[in-house]
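[1] Mind folding the following:
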Amino acid sequence: MTLDFSQLKLAIENLQEQYVNFCSLNKDLQKIMQDAVKESIVQRFEICYDILWKILRKYLIKAFGVAEIPSSPNPVFKIAGENKILQAERWLSYAELRTETTHEYGAEILKKAIGEMKSFIEDVINLYEKISGEKWQK
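    Numbers count the residues shown, from 1 in each chain. Now for the predicted structure:
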């Protein structure tokens with residue numbers, strides 16, 4: 001089984017691009033425009049996160065022969081942590097954030113999610129490089 005990382009790469013690129021756009025936004029823009037960009041970042045985070053844990057599950061099965069992996073993110077991150085692929089606690093906090101963005105969509109969750117994006121993007125790029133064997137180029 002060959003793993004295709006193209007969707008993950010595109011999702012990371014899209015998230016990274018919108019986060020860079022947000023960081024360079026003119027702070028005088030109308031609040032509605034700022035909120036729209038923040039919401040876009042959160043949606044791109046959700047997509048990137050969902051693609052990532054699913055490809056990571058496939059990677060664990062292929063690279064480590066782990067046969068019994070539940071089809072949900074938390075067990076995937078725990079098993080990946082046990083195999084020294086990532087820091088499980090950190091990724092479990094991203095899993096919690098993903099759950100929060102699904103069930104709550106107000107100003108506070110937007111602020112929290114945006115506050116986590118820089119570290120999430122760095123972590124997802126590092127993980128991408130580790131599991132794909134490709135150096136990140138962007």
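[2] Determine the next helix or strand in the C-terminal direction from whichever helix in the chain runs longest.
    For the chain, the helix that runs over the most residues, judged by DSSP state H, is helix 31-64. Sequence order places helix 73-82 as the next helix or strand after helix 31-64, per DSSP states H and E.
[3] any idea how far the closest residue in space to Arg57 that isn't next to it in sequence is from Phe22?
    Leaving aside its sequence neighbours, Arg57 sits nearest to Val76 (Cβ to Cβ, 6 or more residues apart in numbering; 4.7 Å). No exception for glycine: its C-beta is placed from N, CA and C like everyone else's. Val76 is 28 Å from Phe22, where distance means Cβ to Cβ, to the nearest Å.
[4] Leaving aside the residues adjacent along the chain, what's closest to Glu100?
    Distances taken as Cβ to Cβ, 6+ apart place Ile109 nearest to Glu100, at 5.6 Å, with adjacent residues excluded.
[5] repeat for Lys27
    Distances taken as Cβ to Cβ, 6+ apart place Gln34 nearest to Lys27, at 7.9 Å, with adjacent residues excluded.
[6] more neighbours, Val76 and Phe22?
    For the pair Val76 and Phe22, the greater number of neighbours falls to Val76 (26 against 15), based on other Cβ atoms under 10 Å.
[7] Return the residues in contact with the spatially most central residue of the chain.
    Using Cα atoms, centre = their mean, the residue of the chain that lies closest to the mean C-alpha position is Tyr49, 3.5 Å off. Going by Cβ atoms under 8 Å, 6 or more residues apart in numbering, Tyr49 touches Pro73, Tyr94, Ala95, Arg98, Phe120.
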